[in-house]
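J.: Sequence below, structure please.
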Amino acid sequence: MTGFVGKAVGSTMILIGDFSVSLASLPYRGGEARFSVLLPFEPVSFGPNKEEISVHIKRFLPALLLTFSLLSVSLLAAHNVYFSVPLYCQKTPIWCGAASAQMTHNGYPTPPGPQFFAQSALWNCIQGHKDDPAVGWATDPDGLDWCLDNFMGHGPSGHWVVYANSSYSTEMYGITYWMTRQRYPTPVLVWNQQHWVVITGFTTDVDPVTHASVILQFVEFNNPWPPCSDGLSSEGTYHYVTAAQWQTNYFWGPVKIAASKWHGKYVAVLEPPKRAGRVAPTEMAVQGEPISPDEARELALKWVEELRLYERGPLKALRETRPMEPLLVNAQYKGYYLVPFGYRNKALAGIILNAYTGEFLDAGAFSQPIRYLSPEEALELFVKRTGMRPSMKPELIFVPSEQTEDYFWPLWKFTVQGEVVFYLDQAGRLYKRLTIPPPGD
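T.: Prediction:
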């Protein structure tokens, strides 16, 4: 059975036995050689001339594994839990906790039902109930917990607690179990202890309430960044990500502040599950040779259709717009292509792909159209602001910092004379260094 068009790039043969399957939809790098996955008793032949084809396992295997995982999503029964939760931006650069509390309260099921509270009131509540004095949190887990459980009589039908574990698998199982059972959105700390976001939905292979081991497939969440009126047009960002993207690039590690009572723990605020369990870990390629921009554009379109991403309410713009020029970010490590979707240089949504395999990682929607700076525009702004010429080609990077807290908002990096580094955000603001915000900013 003929598969997709692939490219022979290495010297390691991948052999797959016991089944026959067409891989026509697998992400790939362009080329001429065709290959097949065959039953073990069939004659194994590769290419139109039955030539043996070698496939570089490090490039091919992540894409192959992703394809089988996506096939399982589409072909096997899946457990889906998704809530309608308003997206709000944080009113100041350090109010992500207050914005997360605001979104969570306004995403309560009935009873007690959603209710809107001002971020300023929630921020004051959080400050009055913090309980990790050795750390200068903006929003600590205890303050957020108290203000979800007790704020102005709008408590849940159950009881909020800070749920913390040293294991990613255990923590994520608790989140999926609790959200299935109680139907509440869940605030979590991402990037160790830096930033609060709100999980609003997920897909697993089976129901975590009735199964002690599940495979997480997708996570939906609201990020309150960019802050309100931050000059970046959009205010807050909606995300729909693969499990691999969630584990590798968001919920990537526990709190690492040694003085904190939460040191070494992954942290969420929820009602603890009534059984123990685990979410299977995931992997993704984090280094390699990037695919081309043209390939990224084609693959973004393919994933939009194959995963029917436009059927997720905030992502409907993906069907109404076209992909714009792909942007390569963090090319050397954990690289990704950001493919904006929009019109007239204004993006309404975007797709993020693994830069090395082309696999789908993330889909985002923006509350307002945004405009990404082209390399030429960024360079022109930099020269105008500084009067200097960079000694290296400008590159796009993403590092969680005060300057950016969302993968859809990378920074242009300029190096002058091989040493001096400047950063330019998508609003054209120039920075001499990146700064780390207070934990729970």
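
J.: Quick one: low-confidence residue ranges for the stretch 51-200 of the chain.
T.: Within the stretch 51-200 of the chain, the stretches with pLDDT under 70 are 51-77.

J.: switch to 90 and redo it
T.: For the stretch 51-200 of the chain, residues meeting the criterion pLDDT under 90 lie at 51-77, 110-112, 149-159.

J.: now the strands for it?
T.: 79-82, 161-165, 186-190, 195-204 (DSSP state E, counting those that start in this stretch).

J.: Asp425: which of the ones you listed is closest?
T.: Of all these, the one in closest proximity to Asp425, counting by Cβ to Cβ, is strand 195-204 (16.7 Å). C-betas here are computed from N, CA, C, even on glycine.

J.: Gly253 versus Pro400, what's the distance?
T.: According to Cβ to Cβ, to the nearest Å, Pro400 and Gly253 sit 11 Å apart.

J.: Which neighbours do those two have in common?
T.: Trp191 (Cβ atoms under 8 Å, 6 or more residues apart in numbering).

J.: out of those two, which sits in the busier spot?
T.: Neighbour count, other Cβ atoms under 10 Å: between Pro400 and Gly253, Pro400 has more, with 22 against 13.

J.: Pro185 and Phe202 touch, don't they?
T.: No: contact criterion Cβ atoms under 8 Å: Pro185 and Phe202 do not qualify, at 10.8 Å.

J.: Domain-wise, how is this structure divided?
T.: Following automatic domain parsing, one finds the domains of the chain at 1-55, 79-279, 293-370, 375-431.

J.: can you give me the end-to-end distance of the second one?
T.: Criterion Cα to Cα, to the nearest Å; first-to-last residue distance in domain 79-279 is 13 Å.

J.: so how far is that domain off the chain centroid?
T.: Per Cα atoms, centre = their mean, to the nearest Å, the displacement of domain 79-279 from the mean C-alpha position of its chain is 14 Å.

J.: Distance to Tyr88 for the strands of the stretch 51-200 of the chain - can I get that in JSON lines?
T.: Listed next are those as JSON lines, based on distance: least, Cβ to Cβ, whole Å:
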{"stretch": "strand 79-82", "distance to Tyr88": "18"}
{"stretch": "strand 161-165", "distance to Tyr88": "22"}
{"stretch": "strand 186-190", "distance to Tyr88": "13"}
{"stretch": "strand 195-204", "distance to Tyr88": "9"}
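
J.: Just put these in a markdown table and tack on mean neighbour count and distance to Leu379.
T.: Compiled in a markdown table, those are given as follows (neighbours: other Cβ atoms under 10 Å; distance: least, Cβ to Cβ, whole Å):
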| stretch | mean neighbour count | distance to Leu379 |
| --- | --- | --- |
| strand 79-82 | 16 | 42 |
| strand 161-165 | 19 | 45 |
| strand 186-190 | 26 | 32 |
| strand 195-204 | 25 | 30 |
